[in-house]
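**Q** Fold the following and give me the result.
(4 chains)
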Amino acid sequence: MTATPAGTADFTSDELMEVNAARALADATTCFVGIGLPSTAANLARATVNPGLVLIYESGTIGSKPTRLPLSIGDGELAETADAVVPVPEMFNYWLQGGRIDVGFLGAAQVDRYANINTTVVDRGPDKPEGRLPGAGGAPEIASNCGKVLMVLRHSTRNFVERLDFVTTLGHGGGPGDRKKLGMPGAGPTAVITDLGVLRPDPATAELVLTEVHPDVTVERVRAATGWELTVAGTVGTTEPPTPQELAALRALKAAGKPEQPGKPEQPGKETR
Amino acid sequence: MTATPAGTADFTSDELMEVNAARALADATTCFVGIGLPSTAANLARATVNPGLVLIYESGTIGSKPTRLPLSIGDGELAETADAVVPVPEMFNYWLQGGRIDVGFLGAAQVDRYANINTTVVDRGPDKPEGRLPGAGGAPEIASNCGKVLMVLRHSTRNFVERLDFVTTLGHGGGPGDRKKLGMPGAGPTAVITDLGVLRPDPATAELVLTEVHPDVTVERVRAATGWELTVAGTVGTTEPPTPQELAALRALKAAGKPEQPGKPEQPGKETR
Amino acid sequence: MTPCEIKNTLVSILSIPTHGVTMADIRSLQDAVADLVHDGDTVAMEGFTHLIPYAAAHEVIRQGITDLTLVRMTPDVIYDQLIGAGLVRKLVFSWGGNPGVGSLHRFRDAIENGWPRPLELDEHSHAGMANRYVAGASKLPFAVLRGYRGSDIPTRTDTVSTVVCPFTGEELAAVAALNPDVTVIHAQQADRAGNVQMWGLTGVQKEAALAADRVLVTVEEIVEELMPRPGGIVLPTWVIDAVSVVPGGAHPSYATGYSTRDNDFYQAWDPIARDREAFARWIDAYVRDSEGALTR
Amino acid sequence: MTPCEIKNTLVSILSIPTHGVTMADIRSLQDAVADLVHDGDTVAMEGFTHLIPYAAAHEVIRQGITDLTLVRMTPDVIYDQLIGAGLVRKLVFSWGGNPGVGSLHRFRDAIENGWPRPLELDEHSHAGMANRYVAGASKLPFAVLRGYRGSDIPTRTDTVSTVVCPFTGEELAAVAALNPDVTVIHAQQADRAGNVQMWGLTGVQKEAALAADRVLVTVEEIVEELMPRPGGIVLPTWVIDAVSVVPGGAHPSYATGYSTRDNDFYQAWDPIARDREAFARWIDAYVRDSEGALTR
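**A** Below you'll find the predicted structure:
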């Protein structure tokens, strides 16, 4: 995270990524929100470009309006501020599979050129055991059933890989038409937003193409951080730096995300019951 | 309905049927209750032999404790007095199919010697259209999935038929073993309680056999009211007449079942909105 | 470049097309029915004894919307009226009686005598119907249950079949999903944004609504804020097309917290429905020419 | 013959054997765990972030009940502790992280290095796991979903397969039912009869409980009467085997209305779990030898 000056405000590349991810939700109506960066982006969108955005968390909350960033998808405030709370099976069956959700917002550990995702295991070399990642969570069906999918993750050759060690969640498979062949209702990933810029699938090939870079980021730097030979759009745009309002909203959300815990134990291990 | 004297109390054959049906629930723990006679019996059981009986109605109520006989399975009091109210799909999937219910209590339009049930259509002769009955409702799966099934209906050759015009709900099929072959979890009908007596399936043949008659009812009268050649048990018992307590409880339930309607319209057709 | 201009630029660069999600309109029942219910539609008016949307059905009768395929677990008096009015081509159901009273005479007359027109049937058990709605809400083509075993029902419908469990080899019943063109329900309350809350017996209304292409909800009243209720189900505005305020719109069914079931009406319906002319007079007097008809 | 004698006679004539339905016992956590959880059992301790039954898991650790197959959508720190304590043979799950913090290090150490013992995995997506519980609660052998498409997950499990819709020909995913030997959940309240109510995020607890052979519920408190709550789920006493009163029994998870999530604990867990010795010291200090251990 290097601080980049921009007019009156200093901001980090992470902040720019988060702001861009929020902006991508400007026209969304309902968003299935993964925890971490997607949750930051979705909550920032509600505080800036899209106050009416309906946030849906897999813990069962529909229309959550948290005032601070939740640490987990099951923080109490998500339920307390929701329009409706439903059981988890209903969430996945009636709401997600039921085609009710406009945008799925996902993170990833590894992504390939077709926006396929690995969050299961990584190969650490012939003499070492597989490295364990958290697993699928809701992602395979989020990516399949939401109208569109946005992804947000940091850009490095560790994350943007030539070949996934495991396909947890299908993005565009091996090219255009693969989703359709598999009977996946949604359009799949439409943008991958990183701390260096934005990649989008080429409609002809479904391959991720660099379409925007952040201010002061060169195309060469993005190429170097990408594990495959990156295709670059004919015209590469530059994303707008965060406005002071966006930055203030983002920082306020994050500051509010670390409240004093009521009944906070003196020792980390101490249980209060 | 002929009034039959019995000690100090007069009672009808219907009342005796209802009292006997309630007694059959003495050891039951949970009962899936059809509307009509089964509901009368189950509510009377709660008022007499089995105050702890858990009444379950297909409208979604678990543990209803109505103070008067509900007219429909969705009367408000069923929900207001319930331990839990669940959506209808949950009722059929988790509770009934889930094997949670001890006794299913059914009525019937036609029953055959194997306690199979028709509530769909009746053949009214070659020149006439089929006569229409209400249909299956919950019965096929109640009869399949409850631990046991009790039936209550009035005894006549119209109801107790040699051959059903339509099998809505399987009782014992064509004999012992048929339920098992079809993979039906519950034991099926164990008693058919009528206004003349009680029939039970012979364990060897699964055929309904007359095991008890009501006081002052002859075996011949039951034979004459049965549309097949009725098998009679070696010893036919006589059911006990209603106790004064049972009769009082039954009549109180029925009287309470006809309350003054709040906002009752002057004309039957007048809508109050 | 002002922040607003920046926003607009970025929206054009980064935004994604919306998925067609819109808020419910709060509008008159007359307009809502005219817009959402069309000749030939498959319509589910649900409510398991409780919250049956009678007022909306009466508006369908007034507008003469016809050739309907009606879907309901328990047709009840509401469908007896629509069938008797000659608007129904086909009925999908599982139990067709007047609860606690007896037969539905208009339903029987249509099936047995084709009056006022023949009525095609697709008949199931309650468990099957409930699961057909679940499949519909889940956007699955079918649902699985351990049902219909030994029953003749599957001989009279093409929407029951079987599947074999790939793990155990057990053969189970499969029922085809129900996805109505329109689902109509009655609820206690909506807020001004069109979010709806119902409570008490909630039956299969959530499934029926989420399975449908279009959803119309009549409500007892509009409130400033929906206060969460025990047993309450909230349907967010963006799954609903129109909300119409119709106090008492479930009569002779009821709305917990607002009214009680008019059991006398259900009993009084029996002689009315037994007689074709009495029925016609009742529909004219209390539906077609009623005061309510003029003000809605 | 007295009415009571009559009743007894009639019971013997007409009664039917009970289906094995009994009321829940209210008893100490120590006794309940000892009776209901056995070596080698398949155990689901559910609670989606909210109402996670930590106290019961700690009692399992104290009693050294081992060779468990643990089932949970999100193993969370609760299973990190059981895995690190060496009691777990196999894990059935869909997302194994410390929510909002990072890895579950005991879970990773067991999988990557077999410490303190190898850990077999049966891995799914959330949608798959949720539907496996639904099938279990419905006593169906499998559930159907439109899932796992294009994913490698089915190559590593024998509990995902396919079925073909008999109506449309579409191939869909089938997942095998989950029917744990024991399900353990935490709820806010029970009444003296052992009926239980929970509210807030209720996750898959109803399904997990109804899918299991045995059910243990820890509660914040016993109340005279369960007052229906918005969003409340009631499990009647006759589907529960034992209720144990354990105030704070979900800590560091939480119980809506009683406590808030101890996010600091989740963050503090990371360095403890990273280090095998620090973990062992923590388990000894706060679980095995804790005051709570003696009083329960």
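**Q** Contact residues of the stretch 51-200 of chain C facing chain D?
**A** Counting by C-beta under 8 Å from any C-beta of the partner chain, the residues of the stretch 51-200 of chain C lying close to chain D are C:138-146, C:159, C:161-168, C:170, C:172, C:174, C:176. For glycine as for every other residue, the C-beta is placed from the backbone atoms N, C-alpha and C.
**Q** By neighbour count, sort out the buried ones in those residues.
**A** C:138-146, C:159, C:161, C:163, C:165-167, C:172, C:174, C:176 (16 or more other C-beta atoms under 10 Å in any protein chain shown).
**Q** For chain D, what's the nearest residue on the stretch 101-250 of chain A?
**A** The minimum distance from the stretch 101-250 of chain A to chain D, using C-beta to the nearest C-beta, falls at residue A:170 (2.9 Å).
**Q** mind checking pLDDT for the residue nearest the centre of chain C?
**A** Nearest residue to the geometric centre of chain C (C-alpha atoms, centre = their mean): residue C:45, 1.8 Å. If you check residue C:45, the pLDDT there is 98.
**Q** Looks to me like residue A:200 is in a strand.
**A** Yes - counting by DSSP: H, G, I helix; E, B strand; the rest coil, one finds residue A:200 located in a strand.
**Q** Isn't residue C:103 up against residue C:109?
**A** No - contact criterion C-beta atoms under 8 Å: residue C:103 and residue C:109 do not qualify, at 9.7 Å.
**Q** So the two - more neighbours on which side?
**A** Higher neighbour count among residue C:103 and residue C:109: residue C:109, with 22 against 19, using other C-beta atoms under 10 Å in any protein chain shown.
**Q** residues contacting the more buried one?
**A** C:84, C:115, C:276 (C-beta atoms under 8 Å, 6 or more residues apart in numbering or on different chains).
**Q** wait, which of these is closest to chain A?
**A** For the contacts of residue C:109, the nearest to chain A is residue C:84 (34.3 Å; C-beta to the nearest C-beta).
**Q** show me what contacts that closest one?
**A** C:106, C:109, C:110, C:116, C:273, C:276, C:279, C:280, C:283 are the contacts of residue C:84 under C-beta under 8 Å, 6+ apart.
**Q** Filter the residues you listed down to the buried ones, ChimeraX style.
**A** Of those, the buried ones go into a single ChimeraX selection, burial set by 16+ other C-beta under 10 Å:
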select /C:106,109,110,116,273,279,283
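**Q** In a markdown table, list the contacts of residue C:84 along with distance to residue B:144.
**A** Below are the contacts of residue C:84 laid out as a markdown table (distance: C-beta to C-beta, whole Å):
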| residue | distance to residue B:144 |
| --- | --- |
| C:106 | 32 |
| C:109 | 32 |
| C:110 | 30 |
| C:116 | 38 |
| C:273 | 33 |
| C:276 | 39 |
| C:279 | 38 |
| C:280 | 42 |
| C:283 | 40 |
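**Q** Tabulate the contacts of residue C:84 (a markdown table), appending pLDDT and secondary structure.
**A** Below are the contacts of residue C:84 laid out as a markdown table (pLDDT from 0 to 100; DSSP: H, G, I helix; E, B strand; the rest coil):
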| residue | pLDDT | secondary structure |
| --- | --- | --- |
| C:106 | 98 | helix |
| C:109 | 98 | helix |
| C:110 | 98 | helix |
| C:116 | 98 | coil |
| C:273 | 98 | helix |
| C:276 | 98 | helix |
| C:279 | 98 | helix |
| C:280 | 97 | helix |
| C:283 | 97 | helix |
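**Q** Name the nearest of the contacts of residue C:84 relative to residue B:197.
**A** residue C:273 (35.6 Å; C-beta to C-beta).
**Q** quick one: that closest one and residue C:79, what's the gap?
**A** 11 Å (C-beta to C-beta, to the nearest Å).
**Q** Ok, residue A:252 next?
**A** Counting by C-beta to C-beta - residue A:252 and residue C:79 are separated by 55 Å.
**Q** Which residue of those two possesses the greater neighbour count?
**A** Each of residue A:252 and residue C:79 has its neighbours counted (other C-beta under 10 Å); residue C:79 has more, 24 against 14.
**Q** Helix, strand or coil: sort out that one for me.
**A** What three-state DSSP gives for residue C:79 is helix.
**Q** got a list of what residue C:46 touches?
**A** C:52, C:72, C:73, C:183, C:184, C:185, C:203, C:204, C:205, C:208.
**Q** Check the gap between it and residue C:166 for me.
**A** Separation of residue C:46 from residue C:166 (C-beta to C-beta): 33 Å.
**Q** what do you get for residue A:125?
**A** Residue A:125 sits 37 Å away from residue C:166, going by C-beta to C-beta.
**Q** Check residue C:280 too.
**A** Noted for residue C:280: a distance of 55 Å to residue C:166, by C-beta to C-beta.
**Q** quick one: which of the buried ones among the residues of the stretch 51-200 of chain C next to chain D sit in strands?
**A** Residues of these located in strands (DSSP state E): C:142, C:143, C:144, C:145, C:161, C:163, C:172, C:174, C:176.
**Q** Could I get the average pLDDT for stretch A:147-157?
**A** 96.
**Q** List the buried residues in that stretch.
**A** Within stretch A:147-157, judged by 16+ other C-beta under 10 Å, the buried ones are A:147, A:148, A:149, A:150, A:151, A:152, A:153, A:154, A:155.
**Q** what about the closest residue in space to the residue of the stretch 101-250 of chain A closest to chain D that isn't next to it in sequence, how many residues close to it?
**A** Nearest residue to residue A:170 in three dimensions, chain neighbours excluded: residue D:150, at 2.9 Å (C-beta to C-beta, 6 or more residues apart in numbering or on different chains). By the criterion of other C-beta under 10 Å, residue D:150 has 24 neighbours.
**Q** Phi, psi for residue D:150 please.
**A** When read as degrees, to the nearest 10, the backbone of residue D:150 gives phi 80, psi 0.
**Q** try residue C:32
**A** With angles defined as degrees, to the nearest 10, residue C:32 sits at phi -60, psi -50.
**Q** Please report how far it lies from residue C:245.
**A** Distance, residue C:32 to residue C:245, by C-beta to C-beta: 10 Å.
**Q** Where does pLDDT dip in the stretch 151-296 of chain C?
**A** The stretch 151-296 of chain C contains residues with pLDDT under 70 at C:291-296.
**Q** Which single residue of it ends up nearest chain A?
**A** For the stretch 151-296 of chain C, C-beta to the nearest C-beta, closest residue to chain A: residue C:234, 4.0 Å.
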